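Novice: Need coordinates for the below:
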Amino acid sequence: MDTITYNAINNAVTTVPGVKSLANYESQDIWDLETKDIAKAVEIVSSGSIHRVKVHVILMNGFNIRDVVNEVQIRVKYELEKLKQFTMSYSVDVVVDDLQMI
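Specialist: Sure, this is the predicted structure:
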């Protein structure tokens, strides 16, 4: 995946109210989970005509988790499809790796 695509995902995720940060899905240490490197927070699997994207996030306490996850899915899917001029389909999964008190 290229830098433009990663930037689009990053902008879509970090602007959603309730998202504290991206999460490093490879981290084994809960204290080292937060990351600013989008490549460590996004897993991509391409199979046929549908491309599957899994985004790992850390959410803030006090927000409706379901609403935040739904909004992340909608925004990431739209931004990815817009980049490809709506010629490709994407399936977006959001993984909540942690919930932090602010």
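Novice: I'd say residue 101 and residue 61 touch.
Specialist: Yes. Here residue 101 lies in contact with residue 61, judged by C-beta atoms under 8 Å, at a distance of 4.9 Å. (Glycine included, C-beta is placed from N, CA and C.)
Novice: Compare these two (neighbour count), which wins?
Specialist: Shown here are residue 101 and residue 61; by other C-beta atoms under 10 Å, residue 61 has more neighbours (11 against 6).
Novice: That one against residue 68, yeah?
Specialist: No. Checked against C-beta under 8 Å, the pair residue 61 and residue 68 is beyond contact range at 11.2 Å.
Novice: so which strand or helix has the residue nearest in space to the middle of the chain?
Specialist: The geometric centre of the chain, computed from its C-alpha atoms, lies nearest to residue 55 (C-alpha atoms, centre = their mean), at 3.1 Å. Taking DSSP states H and E as the criterion, the element that holds residue 55 is strand 50-60.
Novice: Contacts for that strand, please.
Specialist: Strand 50-60 is touched from outside by 9, 13, 18-25, 33-34, 41-46, 65, 68, 72, 76, 80, 88-102, with contacts defined as C-beta atoms under 8 Å, 6 or more residues apart in numbering.
Novice: redo that, cut-off 6 Å
Specialist: The contact list for strand 50-60, computed with C-beta atoms under 6 Å, 6 or more residues apart in numbering, reads 18-21, 23, 25, 41-45, 68, 89-100, 102.
Novice: Ok, stretch 15-29 next?
Specialist: Applying C-beta under 6 Å, 6+ apart, the external contacts of stretch 15-29 come out as 13, 33-35, 40-41, 56-60, 63, 68, 71-72, 97, 100.
Novice: In strands, which of those residues fall?
Specialist: Judged by DSSP state E, strands contain the following of the contacts of stretch 15-29: 34, 35, 56, 57, 58, 59, 60, 97, 100.
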